[in-house]
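[1] Structure for the following, please:
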Amino acid sequence: MKFYCIADEDTVRGFRLAGVEGQAVTAPSEAAAALKRAAARTDVGVVIVTDVVAAGMRAEVDALRAGQPRPLVVEIPGPAGPMRGRKTLHDFVQEAIGIRLGQKEET
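    Below you'll find the model as predicted:
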């Protein structure tokens, strides 16, 4: 199974350097169409979407997650960092293991 990235130009370019296909989008309608195409591909197992792009097409992301087991949609922070109010990976890991993991970054 392949990974596929739907995000801003810089993020998609970075993933392409790592061998991951993707599509740069600038509008929610573009992102929703790209997600639909990626979900229809049988070789795509994981779709990586930046949190800002996912927020613009929240209904489509949630419907895909609830409606079918594949592809897995993973939201990552974009170049500007995580959206305000969203938990970071550090926060999720800390909650999962139940202990403090060093200093909290200033936001």
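[2] Show me what counts as buried in the top helix by length along the chain.
    Criterion DSSP state H: the longest helix present in the chain is helix 28-40. Applying a neighbour-count criterion of 16 or more other Cβ atoms under 10 Å, one finds P28, E30, A31, A32, A33, A34, L35, A38, A39 buried in helix 28-40. No exception for glycine: its C-beta is placed from N, CA and C like everyone else's.
[3] Kindly check the end-to-end length of stretch 71-80 for me.
    This stretch, stretch 71-80, spans 26 Å end to end (Cα to Cα, to the nearest Å).
[4] now swap in stretch 52-68 and tell me
    Start-to-end span of stretch 52-68 (Cα to Cα) is 23 Å.
[5] residues in contact with the longest helix of the chain?
    For helix 28-40, contacts defined as Cβ atoms under 8 Å, 6 or more residues apart in numbering pick out 4, 6, 23, 25, 44, 47, 49, 53, 56-57, 60-61, 64, 68, 71, 73.
[6] Give me the buried subset of those residues.
    Among these, the ones that count as buried by 16+ other Cβ under 10 Å are 4, 6, 23, 25, 44, 47, 49, 53, 56-57, 60-61, 64, 71, 73.
[7] Quick one: distance of the longest helix of the chain to the chain centre.
    13 Å (Cα atoms, centre = their mean, to the nearest Å).
[8] circling back: now, among the contacts of helix 28-40, which is nearest to F15?
    Nearest to F15 out of the contacts of helix 28-40 is Y4 (Cβ to Cβ; 8.8 Å).
[9] quick one, phi/psi of the closest one?
    When read as degrees, to the nearest 10, the backbone of Y4 gives phi -140, psi 140.
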